[in-house]
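# Give me coordinates for this.
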Amino acid sequence: MRYDADHKHQTRQRVLRAAARAIRADGPHRIGVAGVMRDAGLTHGGFYAHFASKDELVAAAIAQMFDDALAYWARCREGRDDAHALAAYFGLYLSMAHRDAPGKGCPIAALASDLPRLDAPSRAAFAAGVERLADAIAQPLARLGQGDAHALASSVLAELVGAITLARCEVEPARAEAHLHATRQQLGRRLSLDIPPLEKTA
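Down below sits the predicted model:
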């Protein structure tokens, strides 16, 4: 049976999303093609209709992870002006829910420690994704009158990633909350944003 181009695209997206979940959960070096295809509801034999190798899959899945991150940012913008969209995004990023769900969160925090050991195409996909995310943050910052908005967005992104990474390293929830709370306060002051208060864990 022959399938049209749309069907092939949809199937490829299923594989990419399954790969992205596996990479976040286990790291790019530990995923297997058979497991990814099984999780996508497909047979192992169909893999090479979409990708030439596991390395190509990893690079494409990294790009997909950043597509998803930018789609999440777009949802934060819906019905909000620039200041409220940024405040909402930062509040959701610097949350215990994000801290406790690394398999669903920011690809930068999930992948940064693995990047030096990945091949050039995967590193390039990661670098391009970081640039796209920084650009997405820079645009509203510029409209809000912030000078050198792209450099500021890169700094903010580094602060967000650092805070969520430190929070995930903490065994005690109270100490994780302290990292996230402090970063919310500092970002709010620096950017003149009203970031929502951190929701405390039970």
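# Mind telling me what element Gln64 is part of?
Under the criterion of DSSP states H and E, Gln64 resides in helix 54-77.
# Show me what the helix or strand following that helix is packed against.
Of the helices and strands lying after helix 54-77 in sequence (DSSP H and E), the nearest is helix 82-93. Applying 3 or more CB pairs under 8 Å, 6 or more residues apart in numbering; DSSP states H and E, we find helix 82-93 packed against helix 54-77, helix 120-143, helix 149-169, helix 173-191. In this view, the C-beta of every residue, glycine as well, is placed from N, C-alpha and C.
# With distance to Ala97 and mean pLDDT as extra columns, can I get the ones you listed in a markdown table?
Rendered in a markdown table, the data for the helices and strands packed on helix 82-93 read as follows (distance: least, CB to CB, whole Å; pLDDT from 0 to 100):
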| stretch | distance to Ala97 | mean pLDDT |
| --- | --- | --- |
| helix 54-77 | 13 | 94 |
| helix 120-143 | 19 | 96 |
| helix 149-169 | 11 | 96 |
| helix 173-191 | 11 | 95 |
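# Turn the ones you listed into JSON lines, including mean neighbour count and distance to Arg17.
Formatted as JSON lines, the helices and strands packed on helix 82-93 follow (neighbours: other CB atoms under 10 Å; distance: least, CB to CB, whole Å):
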{"stretch": "helix 54-77", "mean neighbour count": "19", "distance to Arg17": "7"}
{"stretch": "helix 120-143", "mean neighbour count": "17", "distance to Arg17": "15"}
{"stretch": "helix 149-169", "mean neighbour count": "18", "distance to Arg17": "22"}
{"stretch": "helix 173-191", "mean neighbour count": "16", "distance to Arg17": "28"}
